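Undergrad: Please work out how this folds:
(4 chains)
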Protein chains: 2
Amino acid sequence: MKPSSVISEAVLPRTVARQHEAPCLSPAGRETPHAKQAGEAGREPCSQCPTRHVCIAAKLPAGRLTEIPAWFRVSGVFAPGDVLFRAGDPAVSQFHVRSGMFKTFVINAQGDEFVTGFHVAGDIIGCVAKAGRYVESAVALETATLCELNLTALQNDAGGGAFAVLQALVGQIAEQAQRRLAHQLALSQTSAQLRFAAFCVSYAERLVALNRCATYLPTPMSRTDLANYLGMTLESLSRLVSKLNCAGVIAAARDHIEVCQPRQLAAMARPASCE
Amino acid sequence: MKPSSVISEAVLPRTVARQHEAPCLSPAGRETPHAKQAGEAGREPCSQCPTRHVCIAAKLPAGRLTEIPAWFRVSGVFAPGDVLFRAGDPAVSQFHVRSGMFKTFVINAQGDEFVTGFHVAGDIIGCVAKAGRYVESAVALETATLCELNLTALQNDAGGGAFAVLQALVGQIAEQAQRRLAHQLALSQTSAQLRFAAFCVSYAERLVALNRCATYLPTPMSRTDLANYLGMTLESLSRLVSKLNCAGVIAAARDHIEVCQPRQLAAMARPASCE
DNA sequence: GAGATCTGTTGACACAGATCAAAACCAACG
DNA sequence: CGTTGGTTTTGATCTGTGTCAACAGATCTC
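TA: Numbering: from 1, shown residues only, chains lettered A, B, ... in the order given. Below is the predicted model of the structure:
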């Protein structure tokens, strides 16, 4: 597959112009546009967060949920297309998605974009780094919120609960890695249908973990992005979706995929499942 | 690609019989067969370790290098085929490879094996977990040594240098994730040649980081494993290697690949490179 | 050293999916 | 309401790689 070139050119400029040139990642950048937007929300205790069960906070002692340390705060609201960070930015923070969806991607020297992940509530973004800098870029695909875990601030808080947080973080990253591995596994399969089915199943599992419906999969990403992520062409994906639509396995619309025959779909994905 | 079935059946029994039925992962298992084998080596300070520059120890304050805490110790010598851990074992430790090569893999319900990674000195193994258990299995492909970082022991050492270690670990895992991401990127490409070239380039980079020759790539893994890892059939890999051999780009032998035209190879891999 | 077994190579063929091209659909806008 | 620009679908063709099968080499055993 030859990736579609310079997709992000259409997205990034709009984005940057709209909200912020320098994202919330500069070492002294804890007072970001996002944080300002968040206002009161920044002090909202985790105990009221709808995603607390899948968040790193869930792995902390219960008492800790009522406090919001300086290094862990709500980062405000992102609009579709807003940039969270770019590849090459110093990796001083990791982010926990609270709501909405982000995509991560890299762009090579030729300007081709590669979508490396879609991230929903409970996911960590920014835990892939090289030489202390992000490898991926991250943008919101829909209205989204997240919490910023500032690693440098955390570093200066060794006395507090930071040790427990770091431990929880290592565990959380391990789970994140598991999801990436599942996708890597799917990509190593040659059948496009299998890759797509594996994506749907994996996505559905994530939604279940969030107490959401396993058969209604919102797809705020474009078909182009999804095809790119799944390692196939736009046309192949389109054909595939049409086929599964006709077969009654799914009912795909512009902004979502409804899974009509979950067992059927799971059977398609099974050969690559990693459990 | 339909993965070759039950490859590991041939490997695991032999392995287990040879060295240890219960690997060094039981919660109270710090005194393992490996540790015993290691003997004096377990107390050898990191400052003499040949891989200290790529190890997590490199990210600690210099003074720390001279001490070997209880939760970080040399785990002895592994012979080819020896099992480090299995998918499903409690993920109480992460391992730093010192020498040799390990492969990680998963086996699905149908008994198909999927190779998920090859790991050389400086790599971390065991940082992919689900519900506190390893997702992958890990076996040595050649004579190998590693250090065990016991997370539960680390947990009880909050007073010591454990905080710094955890921080370093998060950074190290981020680098590890970068390598996995690079491979994921390669897998999302449909061209077998590109995937193979990307593997060689990435592998060469790793060797350079270890101050080893970038053009001599030892391949202790079988062709089957390598093809599996690269998401192609054994036959495709074989043909590809033959082709590149004839073209003079590489000179492949049973146990190594010599890169004759690095720039040529890099050009093949470039479209998927992530920087 | 001869046979058996495992691993890797080469060949012929078919098919899934890439590619190129065009049409249909959708949302935004004047 | 028609135009415009972008996105998705459908169609026709071609190529790469999977599949099946036979062969060659290496390794092991007795």
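Undergrad: end-to-end on stretch A:117-124?
TA: The first and last residues of stretch A:117-124 sit 11 Å apart, counting by Cα to Cα, to the nearest Å.
Undergrad: Can you confirm whether that stretch lies near DNA strand D?
TA: No - Stretch A:117-124 lies apart from DNA strand D when judged by Cβ under 7 Å from any atom of the strand; the minimum separation is 14.0 Å. Heads up, the C-betas are built off the backbone N, CA and C, glycines and all.
Undergrad: swap in stretch A:234-247?
TA: Yes - Stretch A:234-247 reaches DNA strand D (Cβ under 7 Å from any atom of the strand) through A:234-235, A:237-239, A:241-242.
Undergrad: Looking at that stretch now, give me its mean pLDDT.
TA: Mean per-residue pLDDT for stretch A:234-247: 95.
Undergrad: Now do the buried residues in that stretch.
TA: A:234, A:236-237, A:240-241, A:244-245 (16 or more other Cβ atoms under 10 Å in any protein chain shown).
Undergrad: Just want the most central residue of chain A.
TA: Here the mean C-alpha position of chain A is nearest to the C-alpha of A:H119 (Cα atoms, centre = their mean), at a distance of 1.6 Å.
Undergrad: List the residues that contact that residue.
TA: Residues near A:H119 by Cβ atoms under 8 Å, 6 or more residues apart in numbering or on different chains: A:97, A:101-104, A:125, A:138.
Undergrad: what does A:D255 give?
TA: If you count contacts by Cβ under 8 Å, 6+ apart, A:D255 has them with A:218-220.
Undergrad: which of those lies closest to A:R270?
TA: A:T219 (22.4 Å; Cβ to Cβ).
Undergrad: Can you give me the neighbour number for that closest one?
TA: For A:T219, the neighbour count with other Cβ atoms under 10 Å in any protein chain shown is 18.
Undergrad: Please give the number of neighbouring residues around the closest residue to A:V259 other than its chain neighbours.
TA: The shortest distance from A:V259 to any non-neighbouring residue, by Cβ to Cβ, 6 or more residues apart in numbering or on different chains, is to A:T215 (4.4 Å). Using other Cβ under 10 Å, A:T215 is surrounded by 16 other residues.
Undergrad: A:T215 contacts A:A204, doesn't it?
TA: Yes - applying Cβ atoms under 8 Å, one finds A:T215 in contact with A:A204, separated by 7.2 Å.
Undergrad: Look up phi and psi at the residue nearest to the centre of chain A.
TA: phi -130, psi 120 (degrees, to the nearest 10).
Undergrad: From B:A131, how far out is it?
TA: 20 Å (Cβ to Cβ, to the nearest Å).
Undergrad: Spatially nearest residue to A:I173, not counting backbone neighbours?
TA: A:I173's closest residue in space is A:C127 (Cβ to Cβ, 6+ apart), at 5.1 Å.
Undergrad: residues touching whichever residue of the stretch 51-200 of chain A sits closest to DNA strand C, list them.
TA: Residue of the stretch 51-200 of chain A nearest DNA strand C, by Cβ to the nearest atom of the strand: A:A192 (3.3 Å). A:A192 is in contact with A:230, A:232, A:236-237, A:240, counting by Cβ under 8 Å, 6+ apart.
Undergrad: List the beta-bridge partners for A:V74.
TA: The partner list for A:V74 in beta bridges (DSSP bridges) reads A:C147.
Undergrad: again, but for A:V115
TA: A:F105.
Undergrad: that older thread, from the buried residues of stretch A:234-247, pick the one nearest DNA strand C.
TA: Nearest member of these to DNA strand C, counting by Cβ to the nearest atom of the strand, is A:S236, at 3.0 Å.
Undergrad: shouldn't A:C46 be in contact with A:R52?
TA: Yes - using Cβ under 8 Å, A:C46 makes contact with A:R52 at a distance of 5.2 Å.
Undergrad: and these two? which has more neighbours close in?
TA: More crowded of A:C46 and A:R52, by other Cβ under 10 Å: A:C46, with 20 against 16.
Undergrad: any idea how far the more buried one lies from A:C213?
TA: 25 Å.
Undergrad: swap in A:L240?
TA: 23 Å.
Undergrad: just A:A177 next, same as before
TA: 26 Å.
Undergrad: So between these two, which is more surrounded?
TA: Higher neighbour count among A:A177 and A:C213: A:A177, with 24 against 12, using other Cβ under 10 Å.
Undergrad: So what does that one look like in phi/psi?
TA: phi -60, psi -30.
Undergrad: Tell me the pLDDT of it.
TA: A:A177 is assigned a predicted lDDT (pLDDT) of 96.
Undergrad: residues contacting it?
TA: Contacts of A:A177 (Cβ under 8 Å, 6+ apart): B:127-129, B:173, B:177, B:180.
Undergrad: What about those residues, which one has the most neighbours?
TA: Going by other Cβ under 10 Å, B:V128 tops these with 31 neighbours.
Undergrad: what's across from A:A138 in the sheet?
TA: A:F85, A:T104.
Undergrad: quick one: it and A:G100, what's the gap?
TA: Taking Cβ to Cβ, one finds A:A138 at 12 Å from A:G100.
Undergrad: Give me the more crowded residue out of the two.
TA: Higher neighbour count among A:A138 and A:G100: A:A138, with 26 against 21, using other Cβ under 10 Å.
Undergrad: Just the helices from the stretch 151-275 of chain A, written as ranges.
TA: A:151-155, A:162-187, A:192-209, A:223-229, A:234-246, A:262-269 (DSSP state H, counting those that start in this stretch).
Undergrad: Look up how far DNA strand C lies from the residue lying closest to A:E258 once chain neighbours are set aside.
TA: Nearest residue to A:E258, sequence neighbours excluded (Cβ to Cβ, 6+ apart): A:A251, at 4.2 Å. According to Cβ to the nearest atom of the strand, to the nearest Å, A:A251 and DNA strand C sit 14 Å apart.
Undergrad: Return the residues in contact with A:A251.
TA: So A:A251 contacts A:245, A:257-258, A:260 (Cβ under 8 Å, 6+ apart).
Undergrad: ok, it to A:P262 distance?
TA: Remark: distance between A:A251 and A:P262 (Cβ to Cβ) = 12 Å.
Undergrad: A:S47 now?
TA: For A:S47 relative to A:P262 (Cβ to Cβ), the value is 33 Å.
Undergrad: Settle it for me: which of those two has more neighbours?
TA: Higher neighbour count among A:S47 and A:P262: A:P262, with 15 against 12, using other Cβ under 10 Å.
Undergrad: B:A109: which of the contacts of A:A192 is nearest?
TA: Proximity of those to B:A109 (Cβ to Cβ) peaks at A:L230, which lies at 22.5 Å.
Undergrad: wait, the closest one sits on A:F199?
TA: Yes - if you go by Cβ under 8 Å, A:L230 and A:F199 touch, sitting 6.0 Å apart.
Undergrad: what is in contact with those two at once?
TA: Common neighbours of A:L230 and A:F199, using Cβ under 8 Å, 6+ apart, are A:A186.
Undergrad: Near DNA strand D, which residues of the stretch 101-250 of chain A? Just list them.
TA: So the stretch 101-250 of chain A meets DNA strand D at A:190, A:222-224, A:234-235, A:237-239, A:241-242 (Cβ under 7 Å from any atom of the strand).
Undergrad: Any chance of TSV for those, columns distance to B:F114?
TA: Shown next, in TSV, are these (distance: Cβ to Cβ, whole Å):
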residue	distance to B:F114
A:T190	13
A:S222	29
A:R223	28
A:T224	28
A:L234	27
A:E235	28
A:L237	23
A:S238	28
A:R239	26
A:V241	26
A:S242	29
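Undergrad: just curious, which of those residues is nearest to chain B?
TA: Within these, proximity to chain B (Cβ to the nearest Cβ) peaks at A:T190, which comes in at 4.8 Å.
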